[in-house]
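Trainee: A predicted structure for the sequence below; I have some questions about it.
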Amino acid sequence: MHDDALDPDAAGVLRGIPPDEFVWRDAARVLLHDEVLPHIDGWWERAEYPAHLLARLGARDLLRDGVDVPGLSAQSALAAGLLAAELNRGDGSVAALAGIQGGLVLRSIALFGSPEQRAEWLGPLARGERLGAFALTEPAHGSDSARLETSARRDGDDWLLDGEKKWIGGGASGDVTIVWARVTGGEGDGRVRGFLVPQSAAGYDARPITGKLALRAIHQAHVRLEGVRVPAEAVLPGAHAFRDVAQVLRATRLHVGWAALGHAAACYEASVRYARERLQFGRLLAATQLVQARLARQLAALTELQTLLVQLAREADAGRLDEQAASIAKLTGTRTARAIAADARDLLGGNGILLENAVARHFADVEALHTFEGTESIQELLIGRAITGFGAF
C-alpha cells in the first residue's frame, strides 16, 4: 500500500484556493488510506465489487460531483474536481462508483426530475443509501449515442421499454437505472426521454460484463429491457431531447478531465517513489540524468493539465463552461494521463506490471477512462464543430 501524496503544484495554481474547497478532497484521502488502498489490489485482481463503499462515501458527502442537494453544503465545480482527482488517484473503480452516482444519476434527476422525484431520490442517492445507474450507451451505439435505439411507447397510462444497454456501471447491482430511450408513436414520437426504472422491474435483465482488463473493481452491466413497464411518474419531465442528455455529459466531461489528473498524479508519484528507492548500476535511478528528464517531463505535463482544469472549473462555477471547453478538458486530460502512465510503466521496468506498485492498475484504468463520455475522435470533432461551425460526424 502506498499513499505518499506529493501534491505537485509547480505553477502554484492551487496555492490561492480557499481551504474550504479542499474539505471533500481531504475527506476522500482519509477514506482511501483507511478503507481502499489496503484492499484494492485484491479487489482488482479478483474483480470484486466493493459495493459497501457506497454508504461510506455517502457518509462523507463524496458522491455529489457538485450537484446541489437539500441539507448538504454547496459544492463548487472546483471542489468537485479536486475530489474527483483524489478519488481517481486512489482507484479508478471506486472513483467510477462515485462519478456515476453523482455526475450522471444525481445530476440527471436534479436537472430534469419533478419536485417529487427530486424529493424521493436526491438525498438517498447522495447519502449512498440507494445506488443508481445511468443507461445511455448501447451495444451498437457507443460514441454515436444520439442514435440510440432503445424504445419507449405508451400503453395506457404506462410506458413500455424495449432495448439493450451496455457498459452500465451499477446497472446490475443497484436500485434504480435512468434509462434513456426514444419515444415511438404518438405525441413526442422520436424524442429522447429519461425513465426511472427499478432494477427489480419485470423484464429488466442485467448481468455484469466479465473479462475486463480495466476498472475491474466495479460491475459494468449489459442490460436487456423486454417490455419493461413503468408508470407515467417514472418519466423525467424536464428531459425531452438528446440535447438534455448532452447537458449532463458536458458536465461529466470536465469530471473526466479531473479524473485523468488523479491517475496522472498517481503514476507520477509512483515514478518518483521508485526512482528514489531503486538501485541500478550502483546508484539510485533518481541520480541518473535520463530518469530526472523523465520525471521533469511528467511534472511539466501534469502541471499543464492541472492549470487547465483549475481554470475550466472556475469557468464552470461562473456558468460559462461550454461544450468546446468541456471536450478540451476530456481530450487533454486523458491524453496526458495516458502518456504519463505509459512513461511511468516503462520507468519501473518489469516491476511496472505489478499491482503492488499501482502503475499497472492506473495504466489500465486510464485506457477505460479515455473512452468515457466520447472517444478521443469524438472530442476532436466536437471541438472542430465549435471552431468551424460544421458538424463532421
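Mentor: Received the coordinates, thanks. Numbering: from 1, shown residues only.
Trainee: count of residues packed around residue 39?
Mentor: When counting by other C-beta atoms under 10 Å, one arrives at 15 neighbours for residue 39. To be clear about C-beta, it is placed using only N, CA and C from the backbone, and glycine gets the same treatment.
Trainee: Quick check, pLDDT for it.
Mentor: At residue 39, the model reports a pLDDT of 96.
Trainee: and it, what does it touch?
Mentor: For residue 39, the contact set (C-beta atoms under 8 Å, 6 or more residues apart in numbering) comprises residue 50.
Trainee: give me phi/psi at it?
Mentor: Note on residue 39: its backbone torsions stand at phi -120, psi -10 [degrees, to the nearest 10].
Trainee: Residue 14 now?
Mentor: Main-chain dihedrals, residue 14, degrees, to the nearest 10: phi -90, psi -10.
Trainee: Next, find the distance separating it from residue 285.
Mentor: Summarising the geometry, the distance separating residue 14 from residue 285, computed by C-beta to C-beta, to the nearest Å, is 28 Å.
Trainee: which of the two has more neighbours?
Mentor: Comparing residue 14 with residue 285 by other C-beta under 10 Å, the one with more neighbours is residue 285, at 22 against 16.
Trainee: quick one, strands of the stretch 151-300 of the chain?
Mentor: Secondary structure of the stretch 151-300 of the chain (DSSP state E, counting those that start in this stretch): strands at 151-155, 158-169, 176-183, 192-198, 204-208, 220-231, 279-280, 283-284.
Trainee: which helices and strands does the second one pack with?
Mentor: Judged by 3 or more C-beta pairs under 8 Å, 6 or more residues apart in numbering; DSSP states H and E, strand 158-169 is in contact with strand 132-135, strand 151-155, strand 176-183, strand 192-198, strand 220-231.
Trainee: So what are the sheet partners of the shortest one and their directions?
Mentor: Applying DSSP bridges to the sheet, strand 132-135 is found paired with strand 176-183 (parallel).
Trainee: Give me the angle between the strand it pairs with and strand 204-208.
Mentor: Orientation check (axes from the mean of the first three to the mean of the last three C-alpha atoms, to 10 degrees): strand 176-183 against strand 204-208 gives 120 degrees.
Trainee: Tell me what angle strand 176-183 forms with strand 192-198.
Mentor: Going by the same axes, to 10 degrees, strand 176-183 makes 150 degrees with strand 192-198.
Trainee: Disregarding residues adjacent in the polypeptide, which is nearest to residue 331?
Mentor: On the basis of C-beta to C-beta, 6 or more residues apart in numbering, the spatially nearest residue to residue 331 that is not a chain neighbour turns out to be residue 379, at 4.0 Å.
Trainee: Residues contacting the helix or strand in which that neighbour is found, please?
Mentor: Using DSSP states H and E, residue 379 sits in helix 376-388. With contact meaning C-beta under 8 Å, 6+ apart, helix 376-388 is reached by 143, 253, 322-324, 327-328, 330-331, 334-335, 370, 374, 390-393.
Trainee: Please identify the buried residues of it?
Mentor: Across helix 376-388, burial judged by 16 or more other C-beta atoms under 10 Å covers 378-379, 381-385.
Trainee: Can you give me the end-to-end span of stretch 170-181?
Mentor: Looking at stretch 170-181, the gap from its leading to its trailing residue is 18 Å under the measure C-alpha to C-alpha, to the nearest Å.
Trainee: who's in contact with the residue lying closest to residue 162 once chain neighbours are set aside?
Mentor: In this structure, residue 162 finds its nearest non-sequential neighbour in residue 151, 5.2 Å apart by C-beta to C-beta, 6+ apart. In this structure, residue 151 makes contact with 161-163, 181-184, judged by C-beta under 8 Å, 6+ apart.
Trainee: Just the buried ones from those residues, in PyMOL syntax?
Mentor: Command for PyMOL, covering only those of those found buried under the criterion 16+ other C-beta under 10 Å:
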select buried, resi 161+162+163+181+182+183
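Trainee: and which of the contacts of residue 151 is nearest to residue 362?
Mentor: Distances from those to residue 362 were compared by C-beta to C-beta; the smallest belongs to residue 163, at 34.0 Å.
Trainee: right, and the closest one touches residue 140 too?
Mentor: No: checked against C-beta atoms under 8 Å, the pair residue 163 and residue 140 is beyond contact range at 10.3 Å.
Trainee: hey, what's in contact with both of those two?
Mentor: residue 149.
Trainee: quick one on the thing from earlier: now find how far off-centre the helix holding residue 379 is within its chain.
Mentor: Between the centre of helix 376-388 and the centre of its chain there are 21 Å (C-alpha atoms, centre = their mean, to the nearest Å).
Trainee: Show me where the stretch 151-300 of the chain dips below the pLDDT cut-off.
Mentor: Across the stretch 151-300 of the chain, no stretch falls below the confidence threshold (pLDDT under 70).
Trainee: Show the pLDDT at residue 371.
Mentor: As summarised for this prediction, residue 371 has a pLDDT of 88.
Trainee: what about it, neighbour count?
Mentor: Residues lying near residue 371 (other C-beta under 10 Å) number 17.
Trainee: And it, how far from residue 137?
Mentor: Look at residue 371 and residue 137: by C-beta to C-beta, they are 10 Å apart.
Trainee: go on, residue 82?
Mentor: Taking C-beta to C-beta as the criterion, residue 82 is separated from residue 137 by 28 Å.
Trainee: quick one: which of these two has more around it?
Mentor: Between residue 82 and residue 137, residue 82 has the larger neighbour count (other C-beta under 10 Å), namely 26 against 22.
Trainee: which residues touch residue 352?
Mentor: Residue 352 is in contact with 344-346, 359-360, counting by C-beta under 8 Å, 6+ apart.
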